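Chemist: Give the three-dimensional model of this entry:
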Amino acid sequence: MQTKRMNKNNSKELYFKYSQILGHQGPIYALSQDSEYIYSASADKFVARWNKLSEEQDQFAIRCSHAPFSLLAIPNQSQLLIGLSDGSLHLIDTILKKELKYIKAHQSAVFALAMNPQQKQYYTADSEGQIFVWDKEWNLLIKLPLACGKIRQIVVAEDGSYFIAACADGFYRKFETTFFNEILQVYAHHDGCTALSILPNGDVLSAGKDAYIRRWSRAGERQNAFAAHLGTIYQLLQLGDQHYISASRDKTIKIWSMLNDSICQKLDLQMAGHRHSINALLSFNGGFISAGDDKRIIIWKDSQLKSM
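Modeler: Numbers count the residues shown, from 1 in each chain. Got it, this is the predicted structure:
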């Protein structure tokens, strides 16, 4: 494990590279977090844990039988859900460091995991276009066979009343969370929808293999569309109440105005950023974390914190 700190001062920057963490031997596919730790899943078949304060890797490490493609740290329960390339789900007690539950439900790789605290539900989705809905005890409530190809992301509304899914057939789909009826279907990206975010006003941001970001109203009416990157966009993430960020296969992270979708900052190799595709993002109070195919986890902090 290696950590480097960067402290260049540039008053025009919104965010700066604070440090980087090295430890995995393969590309990093997913990140998740709880109040104390960052969890990372890699092609090296390990799920690792890093202390948020020290940025040191602790003794928690899980060797998986297949590549872990998705992670979900479950708040206030000291549990971690892992989705593997063979379709299996593994629920881990992060204190006792033991497996609590093994579920072999999906027949293909599990790419998306999400939690709905209000409805006490979990959602898991795979590369064949199936969404499974589970209750809090991990009893299967319903299967939603969409036949839409790979589902890369599920995003749950803040009030828990619906969720949206990013599908490889180019659509994002919206489901209510009582009877799980599909209530909206929007053709968003011709080469596949890969990332989604629900803004505070209810607008939806979508991104895809076409490297575009599009903004949609609650009713699915297009509000804006623009070429954002030079390659597939794998992640969209809200950053505070003024910005959102996108991460791409083109090795860049871009920060955008939530108000008008204008670009505010680009983080690339010139900013000591990633050398390869960026696959995962996490936000925290005062910044965000990114990870990708270069095996690195990078911590970016608000430039206003430089003087603190």
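Chemist: where do the strands sit along the stretch 101-250 of the chain?
Modeler: Shown for the stretch 101-250 of the chain, the strands assigned by DSSP state E, counting those that start in this stretch span residues 110-116, 121-126, 130-135, 140-145, 151-156, 162-167, 171-176, 182-187, 193-198, 204-208, 212-216, 222-227, 233-239, 243-248.
Chemist: For these, please prepare a markdown table with the additional fields mean neighbour count, distance to residue 53 and mean pLDDT.
Modeler: For glycine as for every other residue, the C-beta is placed from the backbone atoms N, C-alpha and C. Listed next are the strands of the stretch 101-250 of the chain as a markdown table, based on neighbours: other C-beta atoms under 10 Å; distance: least, C-beta to C-beta, whole Å; pLDDT from 0 to 100:
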| stretch | mean neighbour count | distance to residue 53 | mean pLDDT |
| --- | --- | --- | --- |
| strand 110-116 | 22 | 25 | 98 |
| strand 121-126 | 24 | 29 | 98 |
| strand 130-135 | 20 | 33 | 98 |
| strand 140-145 | 12 | 38 | 98 |
| strand 151-156 | 24 | 29 | 98 |
| strand 162-167 | 25 | 33 | 98 |
| strand 171-176 | 21 | 37 | 98 |
| strand 182-187 | 14 | 41 | 98 |
| strand 193-198 | 25 | 28 | 98 |
| strand 204-208 | 25 | 32 | 98 |
| strand 212-216 | 21 | 34 | 98 |
| strand 222-227 | 12 | 38 | 98 |
| strand 233-239 | 22 | 21 | 97 |
| strand 243-248 | 23 | 23 | 98 |
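Chemist: will you turn those strands into JSON lines that also has distance to residue 82?
Modeler: Converted to JSON lines, those look like this (distance: least, C-beta to C-beta, whole Å):
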{"stretch": "strand 110-116", "distance to residue 82": "8"}
{"stretch": "strand 121-126", "distance to residue 82": "11"}
{"stretch": "strand 130-135", "distance to residue 82": "15"}
{"stretch": "strand 140-145", "distance to residue 82": "18"}
{"stretch": "strand 151-156", "distance to residue 82": "16"}
{"stretch": "strand 162-167", "distance to residue 82": "20"}
{"stretch": "strand 171-176", "distance to residue 82": "24"}
{"stretch": "strand 182-187", "distance to residue 82": "28"}
{"stretch": "strand 193-198", "distance to residue 82": "21"}
{"stretch": "strand 204-208", "distance to residue 82": "25"}
{"stretch": "strand 212-216", "distance to residue 82": "29"}
{"stretch": "strand 222-227", "distance to residue 82": "35"}
{"stretch": "strand 233-239", "distance to residue 82": "19"}
{"stretch": "strand 243-248", "distance to residue 82": "21"}
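Chemist: which one of the ones you listed lies closest to residue 285?
Modeler: Taking C-beta to C-beta, strand 233-239 is the member of the strands of the stretch 101-250 of the chain nearest to residue 285, at 10.9 Å.
Chemist: ok, that closest one: who's next to it in the sheet?
Modeler: According to DSSP bridges, strand 233-239 forms sheet pairs with strand 243-248 (antiparallel).
Chemist: what's the partner strand in contact with?
Modeler: Residues from elsewhere that reach strand 243-248 (C-beta atoms under 8 Å, 6 or more residues apart in numbering): 14, 195, 197, 199, 205, 207, 211, 213, 228-239, 253-258, 264, 277-281, 288, 290, 292.
Chemist: Okay, now the unreliable bits of this protein?
Modeler: 1-12, 306-308 (pLDDT under 70).
Chemist: The same query, at a cut-off of 50, please.
Modeler: 1-11, 308 (pLDDT under 50).
Chemist: quick one, what contacts residue 131?
Modeler: 123, 124, 125, 143, 144, 146, 151, 154, 165, 175.
Chemist: What is the nearest of the residues you listed to residue 224?
Modeler: Taking the contacts of residue 131 together and measuring to residue 224 by C-beta to C-beta, the closest member is residue 165, at 21.4 Å.
Chemist: and the gap between that closest one and residue 221?
Modeler: Using C-beta to C-beta, to the nearest Å, we find residue 165 at a distance of 19 Å from residue 221.
Chemist: Same question for residue 126.
Modeler: From residue 126 to residue 221 the distance is 30 Å (C-beta to C-beta).
Chemist: Same check on residue 236?
Modeler: 19 Å.
Chemist: Could you report the distance from the nearest residue to residue 64 once chain neighbours are set aside to residue 259?
Modeler: Distance criterion C-beta to C-beta, 6 or more residues apart in numbering; nearest residue to residue 64, sequence neighbours excluded, is residue 45 at 4.8 Å. Between residue 45 and residue 259 the computed distance is 42 Å (C-beta to C-beta).
Chemist: Then residue 143?
Modeler: 40 Å.
Chemist: now, among the contacts of residue 131, which is nearest to residue 90?
Modeler: residue 124 (11.5 Å).
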